[in-house]
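Trainee: structure for the following, please:
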Amino acid sequence: MEERKRRKQVPEYDGTLRSHMIKIPTCISECSGIRVFGRRIKSLAFTTDVAIIRNINVDAIIAVYPFTPQPAIHRAIMQAADMPVFVGVGGGLTRGQRVLTLASDAEHEGAFGVVVNAPTTDDVVRGLKQALDIPIVVTVVSENTDIAGRMAAGADILNVSGAQNTAAIVRSIRKDFPDVPIIATGGPTEETIRETIAAGANAITYTPPTSASIFAVSMDRYRRGLEHE
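Mentor: As a prediction, this is how the structure comes out:
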């Protein structure tokens, strides 16, 4: 027993300058992960902030943002990241051939996968599947989604983002599709993360604090330090 415990202990080095980096909840390691091109991915950070990307200990980045996808943005993110990046290529306001063009560009730049929004049509998913050799990640926001249709069209991974209903949606999908790879948002606490993993999520998306909120804490500490001088 003691020998097994020693083997599980993981030596760690933080250094000084990187000791304040963002560390995700350790409970995320309890999920199975999804192996993509030989790399096992359990945690993904939902961010496009390159400063956060350079200072967080996740396995991958999911770069989805509420604007029209632009190659300049995903190139900058992939250049900054030292981990795989899954790139958002639209499917909501951005549709049709533009999605295919953005996805092709992302693949050529080195994206590990492309992410499409929930309104994306099955025809677009089929077009992506025919054109790309990287995973197509299809976002699911409701239990009413036609999962069978999504899978038939070529979805490789499902990205469940249902706010407080996420765990329920994952559980519903797992009933009929026990083997489909699922990424899901974990929520704000270890309890909600564990609930999502127990429901059947293979990987967890974590939303880190913003640079502004982190910097506010640092500035407050600096001010209090000056007050005591």
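Trainee: switch to C-alpha atoms for all contacts and neighbour counts from now on
Mentor: Fine.
Trainee: for the closest residue in space to residue 201 that isn't next to it in sequence, grab the count of nearby residues.
Mentor: Distances taken as Cα to Cα, 6 or more residues apart in numbering place residue 182 nearest to residue 201, at 5.2 Å, with adjacent residues excluded. Residues lying near residue 182 (other Cα atoms under 10 Å) number 26.
Trainee: residue 149 too?
Mentor: 11.
Trainee: and it, how close does it get to residue 58?
Mentor: Separation of residue 149 from residue 58 (Cα to Cα, to the nearest Å) stands at 31 Å.
Trainee: confidence-wise, which helix or strand of this structure is lowest on average?
Mentor: helix 2-8 (a mean of 58; mean pLDDT, DSSP states H and E).
Trainee: what's the first helix or strand after that one?
Mentor: Per DSSP states H and E, helix 2-8 leads on to strand 34-36 as the next helix or strand towards the C-terminus.
Trainee: pull out the buried positions in that following strand.
Mentor: By neighbour count on 16 or more other Cα atoms under 10 Å, the buried set for strand 34-36 is residue 34.
Trainee: and it, what does it pack onto?
Mentor: strand 39-41 (3 or more Cα pairs under 8 Å, 6 or more residues apart in numbering; DSSP states H and E).
Trainee: doesn't residue 134 lie inside a strand?
Mentor: No - Residue 134 is assigned coil when assessed by DSSP: H, G, I helix; E, B strand; the rest coil, not a strand.
Trainee: excluding its backbone neighbours, what's nearest it?
Mentor: Leaving aside its sequence neighbours, residue 134 sits nearest to residue 113 (Cα to Cα, 6+ apart; 5.1 Å).
Trainee: average pLDDT across the single longest helix found in the chain?
Mentor: Ranked by residue count, the top helix of the chain under DSSP state H comes out as helix 211-227. Per-residue pLDDT over helix 211-227 has a mean of 78.
Trainee: can I have it written out in PDB, keeping just the CAs?
Mentor: In PDB, the C-alpha atoms belonging to helix 211-227 read as follows (Å, rounded to 0.1, in the frame of the first residue of the first chain):
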ATOM      1  CA  SER A 211      -6.800  39.000 -16.800                       C
ATOM      2  CA  ALA A 212      -8.600  42.100 -15.400                       C
ATOM      3  CA  SER A 213      -9.900  40.300 -12.300                       C
ATOM      4  CA  ILE A 214      -6.500  38.700 -11.600                       C
ATOM      5  CA  PHE A 215      -4.700  42.100 -12.100                       C
ATOM      6  CA  ALA A 216      -7.200  43.800  -9.800                       C
ATOM      7  CA  VAL A 217      -6.100  41.400  -7.000                       C
ATOM      8  CA  SER A 218      -2.400  42.100  -7.700                       C
ATOM      9  CA  MET A 219      -3.000  45.900  -7.700                       C
ATOM     10  CA  ASP A 220      -4.800  45.700  -4.400                       C
ATOM     11  CA  ARG A 221      -1.900  43.800  -2.900                       C
ATOM     12  CA  TYR A 222       0.500  46.400  -4.300                       C
ATOM     13  CA  ARG A 223      -1.500  49.300  -2.800                       C
ATOM     14  CA  ARG A 224      -1.700  47.600   0.600                       C
ATOM     15  CA  GLY A 225       2.100  47.000   0.400                       C
ATOM     16  CA  LEU A 226       2.700  50.700  -0.300                       C
ATOM     17  CA  GLU A 227       0.400  51.700   2.600                       C
END
